[in-house]
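Undergrad: the following block contains a protein sequence and its predicted model.
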Amino acid sequence: MNGQNLIQRWFGRGWLSLGYVFLYLPIVVLVVFSFNSSRQDMVWSGFSTKWYGELMNDTEIISGFGLSLKIAVLTAFASVILGTFAAFVMDRYQRFHGRTLFTGMVSAPLVMPEVIIGLSLLLMLVSVQKMFGFPERGLMTIWLGHTLLGMAYAAVVVQSRLQEMSKSLEEAAMDLGCKPHQVFFLVTLPNITQALGSAWLLTFTLSLDDVVLSAFLSGPGSSTMPIVIFSRARLGLDPRVNAVAALTILVVSVAVVASSLWMARMERQRQKQVAAAAKAE
């Protein structure tokens with residue numbers, strides 16, 4: 001039995017290691033070759049940072065990155081706000097007219113192909129533009145499409161936290177005279193802060209690297225960074241693409257580590273407060 005357990009343990013570790021290698025080795029190779037002095041891919045000819053210097057002069061990538069960053073930030077905030085309200089309604093109000101339709105509409109973007117979402121939004125926005133002259137295809141239209149998709153993901157994250165949260169806290173606040181909106185902002189919202197942070201990071205990342213919706217909803221002069229990279233990759237990989245990808249990985253990694261540390265600190269503070277409250281009783 002000990003030998004069999006040992007084999008199973010090492011077999012599981014081996015598969016896990018292969019999985020990590022498959023996921024992260026291409027990223028490591030990309031970062032390494034962003035410092036390659038040669039323009040040819042996968043041919044190492046020496047260490048150099050010249051592609052990072054040339055990247056600073058590449059107005060197309062810089063403008064695309066700035067547009068992607070603006071859209072991602074706006075999408076994250078809008079998705080978290082709308083997704084939180086949708087999750088609160090689905091979790092706290094079990095019976096109301098049209099609940100099944102509402103739940104289905106919120107969850108539909110999760111299972112619907114992005115090509116269908118992008119095409120349907122494009123047709124709708126073109127019709128609206130012909131009727132009212134607004135909105136022009138660009139930042140606004142891309143933001144609307146990304147928010148539609150991000151709201152569904154944010155609703156799932158926040159709803160899972162609401163389901164774990166004890167409703168006794170809200171009931172106690174109501175018994176003490178708080179109105180529903182006071183209960184939400186003073187009791188419910190502080191208890192789901194970590195879920196809100198996770199939803200913000202998830203929707204920010206989804207928006208930052210989205211290609212399909214952005215391709216359908218972008219207009220002249222409004223190409224996001226993923227579209228710029230994708231268009232260049234079709235003509236052959238550019239070392240500057242490796243450089244911008246390495247910088248993106250660095251920024252995202254720092255943001256994830258910082259948010260993880262912040263959420264862990266908030267969780268420790270919450271546990272201390274719960275322990276102090278239990279001891280006071």
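TA: Great, that's in hand.
Undergrad: how far away from the center of its chain is the longest helix anywhere in the chain?
TA: For the chain, the helix with the greatest residue count under DSSP state H is helix 239-280. Relative to its chain's centre, helix 239-280 lies at 14 Å (C-alpha atoms, centre = their mean, to the nearest Å).
Undergrad: what is the mean pLDDT for it?
TA: Helix 239-280 carries an average pLDDT of 78.
Undergrad: show me what that helix is packed up against.
TA: Using 3 or more C-beta pairs under 8 Å, 6 or more residues apart in numbering; DSSP states H and E, the elements in contact with helix 239-280 are helix 2-33, helix 50-55, helix 59-92, helix 193-208, helix 225-234. Any C-beta I mention is one placed from the backbone N, CA and C, and that applies to glycine too.
Undergrad: can you redo those as CSV with distance to Phe185, mean neighbour count and mean pLDDT?
TA: Shown next, in CSV, are the helices and strands packed on helix 239-280 (distance: least, C-beta to C-beta, whole Å; neighbours: other C-beta atoms under 10 Å; pLDDT from 0 to 100):
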stretch, distance to Phe185, mean neighbour count, mean pLDDT
helix 2-33, 40, 11, 81
helix 50-55, 44, 16, 82
helix 59-92, 11, 19, 90
helix 193-208, 12, 21, 88
helix 225-234, 36, 17, 82
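Undergrad: which one of the ones you listed lies nearest to Gln273?
TA: Set against Gln273 and scored by C-beta to C-beta, the helices and strands packed on helix 239-280 come closest in helix 193-208, at 12.8 Å.
Undergrad: relative to helix 225-234, how tilted is that closest one?
TA: Orientation of helix 193-208 against helix 225-234 (axes from the mean of the first three to the mean of the last three C-alpha atoms, to 10 degrees) gives an angle of 40 degrees.
Undergrad: what helices and strands are in contact with helix 193-208?
TA: helix 59-92, helix 139-164, helix 239-280.
Undergrad: now those helices as TSV including distance to Leu123?
TA: Formatted as TSV, the helices and strands packed on helix 193-208 follow (distance: least, C-beta to C-beta, whole Å):
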stretch	distance to Leu123
helix 59-92	21
helix 139-164	12
helix 239-280	32
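Undergrad: right, and those helices - which one's nearest Ser223?
TA: Ser223 lies closest to helix 59-92 among the helices and strands packed on helix 193-208, at 5.4 Å (C-beta to C-beta).
Undergrad: quick one: name whatever helix or strand follows that closest one.
TA: Downstream of helix 59-92, the first helix or strand assigned by DSSP states H and E is helix 99-111.
Undergrad: can you list the residues that contact that next one?
TA: Here helix 99-111 makes contact (C-beta atoms under 8 Å, 6 or more residues apart in numbering) with 86, 89-90, 93, 117, 148-149, 151-153, 155-156.
Undergrad: and it with helix 139-164, angle?
TA: If you take the same axes, to 10 degrees, helix 99-111 sits at 120 degrees to helix 139-164.
Undergrad: let me know the pLDDT of the residue lying closest to Ser218 once chain neighbours are set aside.
TA: Residue nearest to Ser218 in three dimensions, not counting chain neighbours: Ile142, with 5.9 Å by C-beta to C-beta, 6 or more residues apart in numbering. pLDDT for Ile142: 92.
Undergrad: Ala215 is in contact with Ile142, correct?
TA: No: applying C-beta atoms under 8 Å as the test, Ile142 and Ala215 come out as separate, 9.7 Å apart.
Undergrad: shaky segments in the stretch 101-250 of the chain?
TA: Along the stretch 101-250 of the chain, the parts satisfying pLDDT under 70 run over 236-237.
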